[in-house]
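Q: Quick one, what's the 3D model for this:
(chains A and B)
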Amino acid sequence: MQEYLDIVREYDVLGAFWVNIQLAFWAALLALALGSVLALFRISPIGSLQWAGTTYVTVFRNMPLTIIMVFMVLGAWGQLDLSLSTDFNTNFFWLAVIGLSVYHAAFVCEAIRSGVNTVPVGQAEAARSIGLSFLPAAWLVILPQAFRGAIAPLGNVLIALIKNTTVAAAASVATETSSVMKTMIEFRSDYIYAIFFTFAIGYVILVTPVGLLTTSLSRSLAVSR
Amino acid sequence: MDSSGSARAAGEHLGAPLVELERVNKHFGDLHVLQDINLTVRKGEVLVVIGPSGSGKSTLCRAINRLETIDDGDIRIDGEPLPAEGRDLARLRADVGMVFQAFNLFAHKSVLENVTLGPRKVRRVPKAKADEEGLALLDRVGVKNQADKLPAQLSGGQQQRVAIARSLAMHPKVMLFDEPTSALDPEMINEVLDAMVQLAHEGMTMIVVTHEMGFARKAADRVVFMADGQIVEEATPEEFFTNPRSDRAKDFLSKILTH
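A: Numbering: from 1, shown residues only, chains lettered A, B, ... in the order given. A predicted model of the protein is given here:
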């Protein structure tokens, strides 16, 4: 047991989880912002914006995350010289954040759109009838209600995002959990099951509160009609 | 409440044309819901639109602030043609109040916020002034004590009176009522009608789609009877209800009157 704890400390398992939490935090923020804009595009009265939103969602929702992450490193950084930091590791971290955001924004967009569908059309008509144009009507009347109707599906996206941060390994983020786990197994194969369980249970502990929280929030914030 | 119907019917209190519809047509697929509609509503006039369901009366009401687009014809408000989608349309809608059958109060905002949202965000009225005016309006329709509640906590009649206050807060030139009492329990209909009668007597220009004869007799200058997308008959309320000319109107009135 003592030896196992030493291994956990030696390979800084907690630090690895912290990297994934940070990846998830920043990617969730960016994906929420980008996904909201995409949802606005899709519900806007302007045909070209609708098309742009729909195309984005179709492309990125149906593309494997691993491919996006590999592209961020080999394509965006390797070929197009997109550099987000002079520090090697920080650069890969932010490339991974962008890859995660771009991918999950498509799912955020669809979650918000499902929330928009919970808002009766009369709300939009009332907003327009007092003279609000599309953006203020969306911002002040439709989206606040749509977000509250979208908390449960948004929670599902967040859960998927947290677990998908392990794909950052494909974007050369060497300090995150799945990379660390691989290294540990390579060097301490005598503890292979313990190592597996450590990470598996670690994620269950990390993600469970998110599900509980979003379920209770979606109840307490539900718009009563 | 007085019954000044006959005095109003004389029409001398009416001003210049405010809402004008000229040869307005609209189709829903194969259905010709508005057929060559010509209609002029003058400033200060209270017009009641009546007719069987599917006659196009709600569509007519919604077309006036372009919640429904029309296929051809002209709609002018205060002399200006209805603009296409965009900033100009939003500005026009701010001047045209609308009260819906289903109230459509903003479900996530308090009663007072419902009333002040338009003034603050469209008219740029400072919050303190908007709140003060909003409370005065809520007082006028008798729901000031509900100002901090959410719409869902109010009865239907209270919600509809808040909706009237929300429209009034924009100081509209004309107000449209799309079957404002049809979704209400019977005991709540009068509180809403009373607010509307009061409004009519204060000189508001109103276009009201309703079956409430009592309201029409008390407050309307003119009744328009629609059937199958056409205006079949126009008359003063007294004339229309006691002596309808067309067979369609006679048939319709016999159905809503004989209980």
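
Q: Show me what the helix or strand where residue A:160 lies is packed up against.
A: Secondary-structure assignment from DSSP states H and E places residue A:160 in helix A:151-164. If contacts are counted by 3 or more C-beta pairs under 8 Å, 6 or more residues apart in numbering or on different chains; DSSP states H and E, helix A:151-164 sits against helix A:13-43, helix A:88-116, helix A:192-220. Glycine gets a C-beta too; all of them are placed from N, C-alpha and C.

Q: how about those helices in TSV, adding mean pLDDT, distance to chain B and mean neighbour count?
A: What follows is the helices and strands packed on helix A:151-164, written out as TSV (pLDDT from 0 to 100; distance: least, C-beta to the nearest C-beta, whole Å; neighbours: other C-beta atoms under 10 Å in any protein chain shown):
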stretch	mean pLDDT	distance to chain B	mean neighbour count
helix A:13-43	95	14	20
helix A:88-116	94	12	22
helix A:192-220	93	13	14
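
Q: With distance to residue B:130 added, can I get those in TSV?
A: Putting these into TSV (distance: least, C-beta to C-beta, whole Å) gives the following:
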stretch	distance to residue B:130
helix A:13-43	27
helix A:88-116	28
helix A:192-220	29
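
Q: rewinding a little: which of the residues in the helix holding residue A:160 are classified as buried?
A: A:151, A:152, A:153, A:154, A:155, A:157, A:158, A:159, A:161, A:162, A:164 (16 or more other C-beta atoms under 10 Å in any protein chain shown).

Q: quick one: contacts for residue B:190?
A: Applying C-beta atoms under 8 Å, 6 or more residues apart in numbering or on different chains to residue B:190 gives no contacts.

Q: Give me the distance from the helix holding residue A:160 to the chain's centre.
A: Averaging C-alpha positions (C-alpha atoms, centre = their mean, to the nearest Å) puts helix A:151-164 7 Å from its chain's average.

Q: C-terminal to it, which secondary structure element comes first?
A: Later in the chain than helix A:151-164, the nearest helix or strand by DSSP H and E is helix A:177-187.

Q: now for that following helix, which elements pack on it?
A: helix A:13-43, helix A:192-220.

Q: how many neighbours does residue B:81 have?
A: Per other C-beta atoms under 10 Å in any protein chain shown, the neighbour tally for residue B:81 reads 11.

Q: Let me see the confidence value for the nearest residue to it once chain neighbours are set aside.
A: Nearest non-adjacent residue to residue B:81, counting by C-beta to C-beta, 6 or more residues apart in numbering or on different chains: residue B:74, 6.1 Å away. Note on residue B:74: pLDDT of 94.

Q: Would you mind confirming that residue B:74 is in contact with residue B:63?
A: No: counting by C-beta atoms under 8 Å, residue B:63 is not a contact partner of residue B:74; they are 11.3 Å apart.

Q: So for these two, which residue has more residues nearby?
A: For residue B:74 versus residue B:63, the count of surrounding residues by other C-beta under 10 Å is larger for residue B:63: 23 against 12.

Q: quick one, what contacts the more buried one?
A: Applying C-beta under 8 Å, 6+ apart, the residues near residue B:63 are B:21, B:24, B:26, B:34, B:69, B:70, B:75.

Q: repeat that with 7 Å
A: Contact analysis of residue B:63 by C-beta atoms under 7 Å, 6 or more residues apart in numbering or on different chains lists B:24, B:26, B:34, B:70, B:75.

Q: For the second one, grab the count of nearby residues.
A: By other C-beta under 10 Å, the residues close to residue B:26 number 21.

Q: Pop out the phi and psi values for the closest residue to it other than its chain neighbours.
A: Of all residues not flanking residue B:26 in the chain, residue B:34 sits nearest, at 4.1 Å (C-beta to C-beta, 6+ apart). The phi/psi pair for residue B:34 (degrees, to the nearest 10) reads phi -130, psi 120.

Q: With residue B:205 instead?
A: Per-residue torsions, residue B:205: phi -80, psi 130 (degrees, to the nearest 10).

Q: Can you report how many residues neighbour it?
A: Under the neighbour criterion other C-beta under 10 Å, residue B:205 is assigned a count of 24.

Q: where do the strands sit along the stretch 101-250 of chain B?
A: All strands of the stretch 101-250 of chain B, identified by DSSP state E, counting those that start in this stretch, fall at B:174-178, B:205-209, B:222-227, B:230-235.
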